[in-house]
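[1] Next input, structure requested:
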Amino acid sequence: MRTFLTAAIGLMGLAAGLALGQPVPYNPRTRVMNGRSSVVGYGVIEEDPQQIRQQMGDRCAHYLQLARAALAEGKLAATRRNLDMAAGLAVTPALGRQVQDLRLQFDQLGADLLVQAESHYAAGDYPTALRTYQVVAVSLGQLPTGLLARARLEAAERDPAVRSAVRETKAAALYQTIEGLLQAQWRAEQPAPAQPGPEDPLTDPLAQPAPADADDPLADVEPLEASWIAGEPPDPTQAARPADLELIARMPLDRQIRTVELLEKVVELYGDTSTGARAEGLLADLRNNGPLMQALQDRRNERVVQGLYEKARLYHTNGLHEKAAELYEQFLQEHPESPWSDQARQGLAEVRAKIRPKPRGAR
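    Predicted coordinates for the structure are as follows:
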């Protein structure tokens, strides 16, 4: 009852203060801002509504300035974020018009990006088009161009040609991981570059460069640069990369297994693409490598064993001792010679010590 009377008196004081246009003396327990009240700590709070309005207008102008700067730099997310903040603080018609004008400029930027997306789409560059549609749709939200971009994105995602192209792009991106392993192996096999001799022009200040041929436009260009200008890719090693199958056979065993698993993933996810067909062909050759396939199977069995132990350990650390004991016992029964068997026995002893015996008659 006392709390109700206190709140009522506070509201009456607010109404009187607003009617007189004076700062409102607030109840020690109540703070009223923009017509809303909330319980705060003790102490008298006096706030001028006009001052609060001025502060909100200043903050709105600040966010508008940030939005303009972000828009000039083409930063869609920052523009949207600052525009939303400014819209919530626009306490005067003039500020509201500024927000609306900036939204129109923002929408125009989205429309320009949408035109670029349509060009990519028409050229068959579907991944770029889809990314642009998505960026515009998310950034502009409910603005007209944002709604249009979302509609175009949904229509494009239903296009069979687009779906096929996107799958091909994803497959190629995954295959790049395999390509990285192959490239790393090839580079590791290359001989170290020869050290410059004492009469090398790069190290010997007394060595004089050979006179240039005035009729040769590439005479003053280093040989490596000359190959770039002539359109020939530089190849310092002057050695062609071996076939993928040969490179994989020379990899360390761990990398061989990693490569096989990546190839299997490409085939599993994107077997209907050209990249998937390429991976399937290489995988078929690798399956003829008996020792590699055996090592792969052993590694997978090891992961299964380790997974069972880690599952028991997870129950153990979370205090589910009975379930942990059950899994530890299963682990030791199925894999008594495992590298984790000693830890499993120790864990089983610990959880058994913490399991309380059930009272008689309990199920």
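
[2] now the strands: where do they sit in this structure?
    Under the criterion DSSP state E, the chain contains strands at 24-25, 30-33, 36-39, 46-47.

[3] Disregarding residues adjacent in the polypeptide, which is nearest to residue 255?
    residue 181 (5.8 Å; Cβ to Cβ, 6 or more residues apart in numbering). C-beta coordinates here come from the backbone N, C-alpha and C atoms, glycine included.

[4] Isn't that neighbour up against residue 257?
    No: in this structure, residue 181 is not within contact of residue 257 by Cβ atoms under 8 Å, at 10.9 Å.

[5] ok, residues contacting stretch 121-130?
    Stretch 121-130 is touched from outside by 117, 118, 120, 153, 156, 157, 161, 162, 165, 166, 169, with contacts defined as Cβ atoms under 8 Å, 6 or more residues apart in numbering.

[6] Just put those residues in a markdown table and tack on distance to residue 85, pLDDT and neighbour count.
    Putting the contacts of stretch 121-130 into a markdown table (distance: Cβ to Cβ, whole Å; pLDDT from 0 to 100; neighbours: other Cβ atoms under 10 Å) gives the following:
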| residue | distance to residue 85 | pLDDT | neighbour count |
| --- | --- | --- | --- |
| 117 | 28 | 93 | 24 |
| 118 | 31 | 93 | 14 |
| 120 | 32 | 93 | 17 |
| 153 | 27 | 91 | 20 |
| 156 | 32 | 90 | 19 |
| 157 | 32 | 87 | 14 |
| 161 | 41 | 88 | 10 |
| 162 | 36 | 88 | 18 |
| 165 | 39 | 87 | 18 |
| 166 | 35 | 86 | 16 |
| 169 | 36 | 88 | 18 |
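
[7] Reformat the residues you listed as TSV; add distance to residue 108.
    Converted to TSV, these look like this (distance: Cβ to Cβ, whole Å):
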residue	distance to residue 108
117	15
118	16
120	19
153	19
156	22
157	26
161	30
162	27
165	29
166	29
169	30
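
[8] So of those residues, which two are at opposite extremes in space?
    By the measure Cβ to Cβ, 118 and 169 form the most distant pair in these, at 18.8 Å.

[9] pLDDT score assigned to residue 198?
    Per-residue pLDDT puts residue 198 at 54.

[10] Kindly report the same for residue 13.
    If you check residue 13, the pLDDT there is 48.

[11] Can you give me the neighbour number for residue 264?
    Neighbours of residue 264 under the rule other Cβ atoms under 10 Å: 15.

[12] Oh, that last question was meant for residue 282, not what I typed.
    By other Cβ under 10 Å, the residues close to residue 282 number 19.

[13] Quickly note the distance from it to residue 251.
    13 Å (Cβ to Cβ, to the nearest Å).

[14] Same check on residue 53?
    70 Å.

[15] For the nearest residue to residue 140 once chain neighbours are set aside, which residues are in contact?
    Of all residues not flanking residue 140 in the chain, residue 146 sits nearest, at 2.9 Å (Cβ to Cβ, 6+ apart). Counting by Cβ under 8 Å, 6+ apart, residue 146 touches 107, 110, 136, 137, 138, 139, 140.

[16] which of those residues has the most neighbours?
    residue 136 (28 neighbours).
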